[in-house]
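Participant: next comes the sequence, and after it the predicted model I'd like to discuss.
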Protein chains: 2
Amino acid sequence: MNAFLNPPVDDFLAALAAVLGETALVSDPSIAASHSSDWSEAVPTVPGIVVFPRTPQQVAAALEVCGRFHRHVVIQGGLTGLAGGATPREGEIALSLSKLDAIEEIDTVGGTATVQAGVVLEELQRRVEEHDWYFPLDLGARGSCQVGGNAAVNAGGNRVIRFGTMRDMVLGLEVALPDGRLLSMLNRVTKNTTGIDLKHLFIGSEGTLGAITRLVLKLSPKPTNACTALCALPSFDAATRLIRTSRARLPSLSAFEVMWDDFMLAAREMHALRPAFDAPAPVYALIETLGTDEVGERQQLEALLADAIEAGLVTDAVVAQSMDDAQRLWAYRETVGELLSKLKPHAAFDVGVPMAAMERFVDAARTALTQLFPHQRHLFFGHIGDGNLHVLSGPYDSPDDLHRVEELVYRVVGDVGGSISAEHGIGVVKRDFLHHSRSADEMALMRDLKNLIDPAGVLNAGRIL
Amino acid sequence: MNAFLNPPVDDFLAALAAVLGETALVSDPSIAASHSSDWSEAVPTVPGIVVFPRTPQQVAAALEVCGRFHRHVVIQGGLTGLAGGATPREGEIALSLSKLDAIEEIDTVGGTATVQAGVVLEELQRRVEEHDWYFPLDLGARGSCQVGGNAAVNAGGNRVIRFGTMRDMVLGLEVALPDGRLLSMLNRVTKNTTGIDLKHLFIGSEGTLGAITRLVLKLSPKPTNACTALCALPSFDAATRLIRTSRARLPSLSAFEVMWDDFMLAAREMHALRPAFDAPAPVYALIETLGTDEVGERQQLEALLADAIEAGLVTDAVVAQSMDDAQRLWAYRETVGELLSKLKPHAAFDVGVPMAAMERFVDAARTALTQLFPHQRHLFFGHIGDGNLHVLSGPYDSPDDLHRVEELVYRVVGDVGGSISAEHGIGVVKRDFLHHSRSADEMALMRDLKNLIDPAGVLNAGRIL
């Protein structure tokens, strides 16, 4: 008999209540279903019990109780993930970190923030900006995602080219382990070489090894000025050369977003946006700098664009003259959320592809997709400076078709040595495709690590592997 | 009987020769002794055998043979480490990566280099600069250290404030495991969230889990311009405020080095350097920017300094007008190598201290050191923007005194929540002090990881833990 199927429920609840208090157990579970509007495949099941620990110690104690009673646990943050990792599966206890929402300290001298895992990203950003600091992670879900979840999935977003991914902003972590220990690694300095840097086991492993309870985050000085330009380019090759010269000449470069013409057309249709340029182009680039020197940064950007036009890398360009202008330029890129809804049920990809292979990837994927599904839309865009490409393809009526699209795209990703997930994670929806990006040896080592730290398999079972 | 003490030597050598060829075995072992001139405590022993594999596969095969014959192995790179990690201990086979010195590919589109572990840092830098790319790791040992070793110890250096540590420059790794497998994680994109990011187990773990054989490194566009300034500051508090405003206003900021007056005086004595300023100051800061816009960057730096003088953060400043000028300003900081020699036998520290605690740390450490050892010199300097402080104290005649100095400094580091090694690693010389920076739970997890990946304890035994 599988012990996981027949827990002694009353004893278990009593033990949980003993460590958490009655009020931290919730029997109306609807609040714990995933809010994700973009994960269209699996039907979320609701958990039998949701627990809301109020301290890191309670998180660790709750995990220990679950392990002792052989109950599976799923960790929940802001429920904005796109890979289904936080959605409860049959019989799982949901452990929500929402009540761990304290910003414990903002070190205004060193530029660090010590926070609990359930702090909402946007709230953190607002609070540190009051002290003239800045937390640069930039995601669409910023209003509801939580920093613990950002670390668990190593979130990326628009400004990785300047500030790195979440991993680069995490100096220290505290993690509740499945055996009930609270592992403190609350380092506060950039440089620390004292043995294996254990926090990296937990960043990006999507809660399969432990529940992140507290974080020390690295802040940046707050920028006071943004310059934004939209450029029409004659080719993808021109985009690769423009990004190189932008990196060299714009030290404040904070975003370099590329949109192919298919995406641009769909974005314009979405909101009846006017074309940005008189003539269409095969590729568009949105360039942003963030800094504190308004005059100098605008001059640098304009000089770069003038030279790029002269050199034939750019055929036309618009530089925003105001915040409103900048919003209008970003508007094309930011239709993504609505495009995702419109094309449902869709296949949405966040693949990683080396820049040198990207044009080959886009051509191969687009040709194959168009051949197989001529009546669907296939839209390409992304953060190409980081090798991160998004593909949005849909709508698809049949789950079989969706699966064929996924097989096709991930196979091409594997062919070019790419990654099947650049920033959204594997969760449950990409599990079957992990072998395209990870070797058998890598997957075996991941499994060994899981068995080492969570030998009973209590935590986020069935995610990633 | 301990199997490690009585290997069947002939069979073992035959097995090694079978995977490596005779020429890769060296019986004159003097070349494998540590070159480190700064690690004054331990007396290097020479290994019985040094092996020089020529391919990653041979590294893995050699490790498998050593494991099979119960022989301990020490991995050797450029032998420039300062923690004694690569120095052979009694009975160890030395495995040198020097013959794995191929630069396999420079991707000039994406800005990556795929290299073997034995490539010398400076050689890599020269080669990528031919393609207008730049590898920004900046260490005194650049002429002989190897990139595999840089990754194994997560090297830092002068430019971490802009470019991060070695960890931030490693996109992918290939590692030979103790069981003879060659684990390929040769990722080439910045954003990759496909499960546990296994490469971080090996970066910074000083060869205790595997031998790094190949790396994919992230390049930066080559800067063409440097601006350098030396500033006299009225207090350490002024330095913390100057660094914050420098980070905000100088997007090209590449170094911010702080020297206390005790260091500055010793540096000047060393080479009879003239004082940089008419009046002495308690603290000095060396600021550097690296970029491509000579005029703009100089204007930004000069404007910053003018405002800082106006605000009382800086009492005097010199901006280099030429390369020679810049070298003269760096000369004070770069006397370190000679000071290390002059003060031998010394205690040299590379501790990490949160900036908000640094003044307290310096005061406490200096007071205690001066009280205990009034006839020695105690010099403070460092990369304070990264929370990395160097302390150089000496000379000490007795090993007991040296040990007392270490105990004292590491205890104060522990008191302020700092790190006993910011960039040099633990090796064998800081092993006894690791508990000041890592909790018992962290050390237990490190041990568990070691047992998981190297259950027979073949690799770099006695390092770190």
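Facilitator: Happy to help now that I have it.
Participant: any idea how chain A splits into domains?
Facilitator: A:9-99, A:103-221, A:225-336, A:343-425 (automatic domain parsing).
Participant: any chance of those domains in TSV, plus mean pLDDT?
Facilitator: Shown next, in TSV, are the domains of chain A (pLDDT from 0 to 100):
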stretch	mean pLDDT
domain A:9-99	80
domain A:103-221	96
domain A:225-336	95
domain A:343-425	94
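Participant: for chain B, what are the nearby residues on the stretch 201-350 of chain A?
Facilitator: A:201, A:203-206, A:208-209, A:220-223, A:240, A:244-245, A:247-249, A:251-252, A:291-293, A:296, A:299-300 (Cβ under 8 Å from any Cβ of the partner chain). Glycine gets a C-beta too; all of them are placed from N, C-alpha and C.
Participant: cross the residues you listed against helices and list the overlap.
Facilitator: A:201, A:240, A:244, A:245, A:247, A:248, A:249, A:296, A:299, A:300 (DSSP state H).
Participant: and the residues you listed as CSV, adding neighbour count?
Facilitator: Output for those, formatted as CSV (neighbours: other Cβ atoms under 10 Å in any protein chain shown):
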residue, neighbour count
A:201, 26
A:240, 22
A:244, 20
A:245, 16
A:247, 19
A:248, 21
A:249, 20
A:296, 23
A:299, 14
A:300, 25
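Participant: out of the residues you listed, which is nearest to residue B:162?
Facilitator: Checking these against residue B:162 with Cβ to Cβ, the nearest one is residue A:247 at 12.9 Å.
Participant: in the stretch 101-250 of chain A, which spans are helices?
Facilitator: A:121-129, A:147-152, A:160-163, A:166-169, A:199-202, A:236-249 (DSSP state H, counting those that start in this stretch).
Participant: mind giving me the packing neighbours of the fourth one?
Facilitator: Right, the one you point to is helix A:166-169. Here helix A:166-169 touches helix A:147-152, strand A:211-218, going by 3 or more Cβ pairs under 8 Å, 6 or more residues apart in numbering or on different chains; DSSP states H and E.
Participant: deepest-packed of the ones you listed, please.
Facilitator: Greatest average neighbour count among the helices and strands packed on helix A:166-169 goes to helix A:147-152 (a mean of 30), per mean count of other Cβ atoms under 10 Å in any protein chain shown.
Participant: related to what we said a few turns ago, who wins for proximity to residue B:15 among the domains of chain A?
Facilitator: Once those are compared by Cβ to Cβ, domain A:103-221 is nearest, at 30.3 Å.
Participant: starting at the chain centroid, how far to the closest one?
Facilitator: 13 Å (Cα atoms, centre = their mean, to the nearest Å).
Participant: do the same with stretch A:447-465
Facilitator: The answer for stretch A:447-465 is 22 Å, by Cα atoms, centre = their mean.
Participant: which residues of the stretch 351-465 of chain A lie near chain B?
Facilitator: So far as Cβ under 8 Å from any Cβ goes, the stretch 351-465 of chain A lies against chain B at A:352-356, A:383, A:385-388, A:417-426, A:430, A:434, A:437-439, A:441-443, A:445-446, A:448-449, A:452-453, A:464-465.
Participant: are any of these buried, and which?
Facilitator: Among those, those scoring as buried are A:352-356, A:383, A:385-388, A:417-426, A:430, A:434, A:437-438, A:442-443, A:445-446, A:449, A:452-453, A:464-465 (criterion: 16 or more other Cβ atoms under 10 Å in any protein chain shown).
Participant: ok, back up a step: how about the helices and strands packed on helix A:166-169 in JSON lines, adding distance to residue B:231?
Facilitator: Shown next, in JSON lines, are those (distance: least, Cβ to Cβ, whole Å):
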{"stretch": "helix A:147-152", "distance to residue B:231": "36"}
{"stretch": "strand A:211-218", "distance to residue B:231": "25"}
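Participant: can you get me a residue count around residue A:53?
Facilitator: Neighbourhood size, residue A:53 [other Cβ atoms under 10 Å in any protein chain shown]: 27.
Participant: quick check, stretch A:50-60 touching chain B?
Facilitator: No. Stretch A:50-60 is not in contact with chain B by Cβ under 8 Å from any Cβ; minimum separation 11.2 Å.
Participant: ok so, going back, for the helices of the stretch 101-250 of chain A, which one sits closest to residue B:115?
Facilitator: helix A:236-249 (20.3 Å).
Participant: hmm, who's touching the closest one?
Facilitator: A:161, A:231, A:233, A:253, A:256, A:258, A:282-283, A:285, A:287, A:300, A:303-304, A:307-308, A:312-314, A:355-356, A:358-359, A:362, A:384-385, B:109-111, B:220-223, B:292-293 (Cβ atoms under 8 Å, 6 or more residues apart in numbering or on different chains).
Participant: from residue B:431, how far out is the closest residue to residue A:354 other than its chain neighbours?
Facilitator: With sequence-adjacent residues excluded and distances taken as Cβ to Cβ, 6 or more residues apart in numbering or on different chains, residue A:354 is closest to residue B:188, at 4.4 Å. To residue B:431, residue B:188 is 36 Å away according to Cβ to Cβ, to the nearest Å.
Participant: please say which of the two ends up with more neighbours.
Facilitator: residue B:188 (25 against 17).
Participant: find the nearest non-adjacent residue to the residue nearest the centre of chain A, please.
Facilitator: By Cα atoms, centre = their mean, chain A has its centre lying nearest to residue A:155, at 3.4 Å. Spatial nearest neighbour of residue A:155, excluding adjacent residues (Cβ to Cβ, 6+ apart): residue A:166 at 4.6 Å.
Participant: I figured the residue nearest to residue A:354 was touching residue B:173, is that so?
Facilitator: No. Using Cβ atoms under 8 Å, residue B:188 makes no contact with residue B:173, being 11.6 Å away.
Participant: what touches both of those two?
Facilitator: Counting by Cβ under 8 Å, 6+ apart, the residues touching both residue B:188 and residue B:173 are residue B:216.
Participant: what residues are up against residue A:20?
Facilitator: So residue A:20 contacts A:51, A:52, A:53, A:54, A:58, A:61, A:62 (Cβ under 8 Å, 6+ apart).
Participant: re the thing from before, ok, the residue nearest to residue A:155 - how many residues close by?
Facilitator: 27.
Participant: got it, and residue A:389?
Facilitator: There are 26 residues near residue A:389, going by other Cβ under 10 Å.
Participant: counting neighbours, what do you get for residue A:435?
Facilitator: Neighbours around residue A:435, by other Cβ under 10 Å: 14.
Participant: same question for residue A:58.
Facilitator: 23.
Participant: so which strand or helix has it?
Facilitator: Here residue A:58 sits within helix A:56-68, counting by DSSP states H and E.
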